[in-house]
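Peer 1: everything below, folded, please.
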Amino acid sequence: MEIITKVVDSVNNLLWGKNILVVMLIGTAVYFTIRTRFMQFRLFGDIVKILGKSEKNKKGISSLETFFLGTACRVGAGNIAGVVAAVSIGGPGSLFWMWLVALLGSSTSFIESTLAVIHRDKIGEGRYIGGTPWVLKKRLNTKIPALVYAVSSIICYIGVTQVMSNSVTESVASAYNINPKYVAGVLAVIVASIIFGKSKRDKIIDALNKIVPVMAALYLGVVIFVIVTNITSFPVMFKDIFYQAFGGKEFLGGSIGGIIMQGVRRGLFSNEAGSGNSNYAAAVVDIDEPAKQGMVQALGVFVDTLIICSATAFVILLAGVEKAVGTDGMILDGRVLSGMTLFQESLKTHVGWIGIPFTVVTIFFFSLSTILAVAFYGKSAVNFINEKINLNFFYQIIIVIMVYIGGIQQNFFVWSLADFGLGIMTVINIICILIISKDALVELKKYEAKLRNK
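Peer 2: Got it, this is the predicted structure:
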């Protein structure tokens, strides 16, 4: 176990600590933004229309449903815990770098998702399976990097499941001092009932179709109230975000690297652009034009970071917090707080006592949606590893077990595993899409030509 821990820590330090992924992600995002001629800005109106016209297909999965699936994974994984961590450690400036990653990274998401639709397998009428492993195998004519990616996916999802479960129990314990074992047990039962329940269509897709729109609407409704009631503080907050993004008065002290790292690292963990993670969702859509689905996934990056992530950060920053020097926390009302406690207490300052139960409910649904999303993604990864032996049942059992274990105990090694898996996935995916991006660019030209001829 000690050897495994050292290997994971060494890889994480190399990829995350040495800023290798920062350079790869931003460099790739800038490259694809230029190659697509800033498609995420030029075609934004058309992208929104695509999602608005998405209709539920009786046989297959629609673009709107894959949007909910991708949003479920993105929102829960980084929009609460990740953003709180980024702001606590990197300060307000980290939010700017999250914005930058999203604005540029949406072009990367377009490329990888379009490729996923092009290089997928059909398994029935209106039904498909695919993802980055399929793209790697078909375009590189070798299964080794594809297998490494699939295994890394599963490692990441197991880590994410633990982190999300712990977020739920931490928020409940902080608010009501309930034994984490009871909360973890209830959450595990709910996850198991959805994963193993009966449904004519995909059980997880059906559940997320109901959960995601409601949780997003409730969350944004409260955040809009917070913004309106603190509108006079907005200019000062934005000034602080941009000032601290470049180190502020601590620039010469070398803290700029930490600020950028927190923003980019948690930005990736949240919006997934560049990791190829959302390809598992993009590939299953019942659609004939790959570029249209690429645009839907690009929009998901915008929604995730520019709306949901920003909303979380605004709740904290508008509460009047200050960076606690020498710690990974923020000072609020004379107390050094971090994690879910920081978010809960920040919201409480805005909306009073109702902020606590609201936070508990929000964290529950955000985390549940992420757990269900990675359960769905993991099924595809497992199927790619071995199509003949049905290993999905065992994978889903592991997910349920990790929900319980993660809920009763915070394991930082498992969080490191999530970063490790995500890091390996990102390196493999970026190298691949840089080589074969022409396929997606051709599809973009075809779709733009069709738009012009309408």
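Peer 1: ok so residue 123 is a strand residue?
Peer 2: Yes. Per DSSP: H, G, I helix; E, B strand; the rest coil, residue 123 lies within a strand segment.
Peer 1: do I have it right that it meets residue 129?
Peer 2: Yes. Counting by C-beta atoms under 8 Å, residue 123 does reach residue 129; the two are 5.3 Å apart. Just so you know, the C-beta spots here come from the backbone N, C-alpha and C atoms, and that holds for glycine as well.
Peer 1: neighbour count: these two, which is higher?
Peer 2: In this view residue 123 and residue 129 are compared by other C-beta atoms under 10 Å, and residue 129 has more residues nearby, 18 against 12.
Peer 1: hey, what's the more buried one bridged with?
Peer 2: Beta-bridge pairing of residue 129 under DSSP bridges involves residue 121.
Peer 1: wait, it sits on residue 284?
Peer 2: Yes. Under the criterion of C-beta under 8 Å, residue 129 makes contact with residue 284 at 6.6 Å.
Peer 1: mutual contacts of those two, please.
Peer 2: Common neighbours of residue 129 and residue 284, counting by C-beta atoms under 8 Å, 6 or more residues apart in numbering, are 120, 380.
Peer 1: next one: residue 52, what pLDDT does it get?
Peer 2: Residue 52 is assigned 63 on the pLDDT scale.
Peer 1: same check, this time on residue 151
Peer 2: So residue 151 comes in at 91 (pLDDT).
Peer 1: could you do residue 69 as well?
Peer 2: 65.
Peer 1: pLDDT on stretch 430-437, on average?
Peer 2: Mean predicted confidence for stretch 430-437 is 90.
Peer 1: can you list contacts of it?
Peer 2: Applying C-beta under 8 Å, 6+ apart, the contact partners of stretch 430-437 are 24-25, 28, 31-32, 35, 108, 111-112, 115, 132, 135-136, 139-140, 145, 274, 276, 440.
Peer 1: where is the longest helix in the protein?
Peer 2: helix 144-176 (DSSP state H).
Peer 1: now residue 288: how far from residue 20?
Peer 2: From residue 288 over to residue 20 the distance is 38 Å, taken as C-beta to C-beta, to the nearest Å.
Peer 1: ah, wrong one, I meant residue 40
Peer 2: Taken as C-beta to C-beta, the span from residue 40 to residue 20 is 25 Å.
Peer 1: please apply the same query to residue 320.
Peer 2: From residue 320 to residue 20 the distance is 36 Å (C-beta to C-beta).
Peer 1: follow-up on the earlier one: which of the contacts of stretch 430-437 fall in helices?
Peer 2: Among the contacts of stretch 430-437, the members falling in helices (DSSP H) are 24-25, 28, 31-32, 35, 108, 111-112, 115, 132, 135-136, 139-140, 145, 440.
Peer 1: and those, which are buried?
Peer 2: The neighbour count (16 or more other C-beta atoms under 10 Å) marks 24-25, 28, 31-32, 35, 108, 111-112, 115, 132, 135-136, 139, 145, 440 as buried among the ones in helices among the contacts of stretch 430-437.
Peer 1: quick check: the farthest pair among those?
Peer 2: Using C-beta to C-beta, the two most remote members of those are 35 and 145, lying 22.7 Å apart.
Peer 1: mind listing the helices for the stretch 201-350 of the chain?
Peer 2: Taking DSSP state H, counting those that start in this stretch, the helices of the stretch 201-350 of the chain run over residues 203-229, 234-245, 256-271, 279-282, 290-301, 310-317, 339-351.
Peer 1: when residue 40 and residue 20 are compared, which one has more neighbours?
Peer 2: Set side by side, residue 40 and residue 20 show more neighbours around residue 40, with 25 against 14, by other C-beta under 10 Å.
Peer 1: so which residues of the stretch 351-454 of the chain form helices?
Peer 2: 355-385, 392-408, 412-436, 438-452.
Peer 1: how distant is the second one from the center of its chain?
Peer 2: Spelled out, it's helix 392-408. In terms of C-alpha atoms, centre = their mean, to the nearest Å, the centre of helix 392-408 is set 20 Å apart from its chain centre.
Peer 1: packing partners of that helix?
Peer 2: helix 144-176, helix 180-195, helix 355-385 (3 or more C-beta pairs under 8 Å, 6 or more residues apart in numbering; DSSP states H and E).
Peer 1: ok, which of the ones you listed comes nearest residue 230?
Peer 2: Among those, the nearest to residue 230 by C-beta to C-beta is helix 355-385 (13.8 Å).
Peer 1: so the closest one versus helix 310-317, what angle?
Peer 2: Relative orientation of helix 355-385 and helix 310-317, computed by axes from the mean of the first three to the mean of the last three C-alpha atoms, to 10 degrees: 140 degrees.
Peer 1: list the buried residues in helix 355-385.
Peer 2: Those would be 355-356, 358-360, 362-385, for helix 355-385 by 16+ other C-beta under 10 Å.
Peer 1: how far does it sit from its chain's centre?
Peer 2: The answer for helix 355-385 is 10 Å, by C-alpha atoms, centre = their mean.
Peer 1: stretch 157-171 too?
Peer 2: Centroid displacement of stretch 157-171 relative to its chain, using C-alpha atoms, centre = their mean, is 14 Å.
Peer 1: looking at the helices and strands packed on helix 392-408, spot the one closest to residue 239.
Peer 2: Distance to residue 239, taken as C-beta to C-beta, is lowest for helix 355-385 among the helices and strands packed on helix 392-408, at 26.0 Å.
Peer 1: tell me what angle the closest one forms with helix 132-140.
Peer 2: Going by the same axes, to 10 degrees, helix 355-385 makes 40 degrees with helix 132-140.
Peer 1: looking at the helices of the stretch 201-350 of the chain, which is nearest to residue 14?
Peer 2: Of all those, helix 256-271 comes closest under C-beta to C-beta, at 13.3 Å.
Peer 1: so where's the stretch 51-200 of the chain uncertain?
Peer 2: Along the stretch 51-200 of the chain, the parts satisfying pLDDT under 70 run over 51-61, 63-79, 81, 197-200.
Peer 1: 50 instead?
Peer 2: 58, 77 (pLDDT under 50).
Peer 1: same deal with the stretch 301-450 of the chain?
Peer 2: For the stretch 301-450 of the chain, no range has pLDDT under 50.
Peer 1: and with 80 instead?
Peer 2: Counting by pLDDT under 80, the ranges of the stretch 301-450 of the chain that qualify are 301-306, 308, 320-344, 353, 355-356, 359, 386-392, 409-416.
Peer 1: would you confirm that residue 385 contacts residue 151?
Peer 2: Yes. Counting by C-beta under 8 Å, residue 151 is a contact partner of residue 385 at 7.0 Å.
Peer 1: counting neighbours, what do you get for the residue nearest to residue 322 when sequence neighbours are not counted?
Peer 2: In space, and not counting its chain neighbours, residue 322 is closest to residue 331: 4.6 Å by C-beta to C-beta, 6 or more residues apart in numbering. Residues contacting residue 331 under the criterion other C-beta under 10 Å number 16.
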